[in-house]
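Q: take a look and give me a structure for this.
(one chain, ligands or ions: 2)
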Amino acid sequence: MKESTAAKTFLSLPKAVGRACGLLLQSVRSGLFHPCCRVCGYDLVVPGETVLCGNCRAKIVFAVENRCRVCGKFLPEGNATCGSCRLAPPPFECHRSFAAYEGALRQVIILYKFGQVEPLKHILADLYLETVRRELPGAFDAVVPVPADLRRRRNGFQPVRVAGKVLARRLGVPFRPGLLLKRKATPPQVGLTQAQRLANLDGAFALGAGARAAGLRVLLVDDVTTTGTTVRKCAAVLKRGGARVTALTLGQTRL
Ligand SMILES: [Zn+2]
Ligand SMILES: [Zn+2]
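A: Ligands and ions are numbered 1, 2, ... in the order given. As a prediction, this is how the structure comes out:
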């Protein structure tokens, strides 16, 4: 029996796709498409570079600046503790971020969070790790990510959780995302006053069902902090559960 034209087209489709893939592979091999740095657009030619070029990576450096010894806020030289921490100590023992939320660090965080460029999790885990080694000595029993607001995340990508897991593995500390849950959706904090931020997050976080935090030394991880409200709310829940909390972020807004 003779094949119909439609059947021939259908049968030849895999061949056509295969040929197109072959041509694409050839083009890549011949250098037509170089992978580019996602920040500056420069061709990635050094082995091992996958998303970010060496120049852009070199611009992301740890902030050696004077900060509040408790909350990590950037302070003028000569000040050891900020006014807020003197008035009311936060629910965490210490918070440190890698650097100010600006420049190449800010670009990379935005690319990771909103561009969902997952391979950046390794670079971000490096930054977390450097911050721990420089500023947060001591042992931890659990790495806990600040829970994402799932309704605002497309495809279920949870950037802090993903990078936090890599960090936990590198530290050799158990990763315990189930210790802390977000139990209600909240509008973004951007553009709110400090009082509104606090009210916005009232009752938003809770210990996970059946989770025991008593006696644990928790390393609480988030990506960016502005006024510190989210980290404080999460730390307060863990502290009420009996944990001692150290907070770690990548970028901190200069206030
Ligand atoms: Zn670059
Ligand atoms: Zn402070």
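Q: could you use CA atoms for every contact and neighbour count after this?
A: OK.
Q: which positions in the stretch 1-150 of the chain make contact with ligand 2?
A: Counting by Cα under 5 Å from the ion, the residues of the stretch 1-150 of the chain close to ligand 2 are C68, C71, C82, C85.
Q: gap between the second one and P174?
A: According to Cα to Cα, to the nearest Å, C71 stands 24 Å off from P174.
Q: strands of this structure, residue ranges please.
A: Ranges of strands in the chain, per DSSP state E, are 94-100, 142-145, 180-182, 205-207, 217-221, 224-225, 244-252.
Q: can you give me the pLDDT of G178?
A: Here, the pLDDT recorded for G178 equals 95.
Q: excluding chain neighbours, what is closest to it?
A: In space, and not counting its chain neighbours, G178 is closest to G208: 5.5 Å by Cα to Cα, 6 or more residues apart in numbering.
Q: how about G251, what does it touch?
A: Residues in contact with G251, defined by Cα atoms under 8 Å, 6 or more residues apart in numbering, are S97, F98, A99, A100, Y101, E102, L105, R106, D223, V224, T225.
Q: now the helices: where do they sit in the chain?
A: Secondary structure of the chain, counting by DSSP state H: helices at 5-29, 54-58, 83-87, 103-113, 120-135, 159-171, 194-200, 229-240.
Q: give me the neighbour count for A195.
A: Close neighbours of A195, defined as other Cα atoms under 10 Å, add up to 9.
Q: and it, how far from ligand 2?
A: Distance of A195 to ligand 2, computed by Cα to the ion, to the nearest Å: 18 Å.
Q: how close does that residue sit to C71?
A: A195 sits 18 Å away from C71, going by Cα to Cα.
Q: where does the residue of the stretch 101-250 of the chain found nearest ligand 2 land on pLDDT?
A: For the stretch 101-250 of the chain, the residue closest to ligand 2 is G228, as judged by Cα to the ion, at 9.9 Å. For G228, the pLDDT comes out at 90.
Q: one more: the one 5 residues further on?
A: Model confidence at K233, given as pLDDT, is 94.
Q: and the one 3 residues further on, by the same measure?
A: The model reports A236 with a pLDDT of 97.
Q: apart from its chain neighbours, what residue comes closest to it?
A: P91 (5.2 Å).
Q: that neighbour: neighbour count?
A: Neighbour count of P91, defined by other Cα under 10 Å: 20.
Q: now for it: which residues touch it?
A: P91 sits next to R232, A235, A236, K239, V245 when contact means Cα under 8 Å, 6+ apart.
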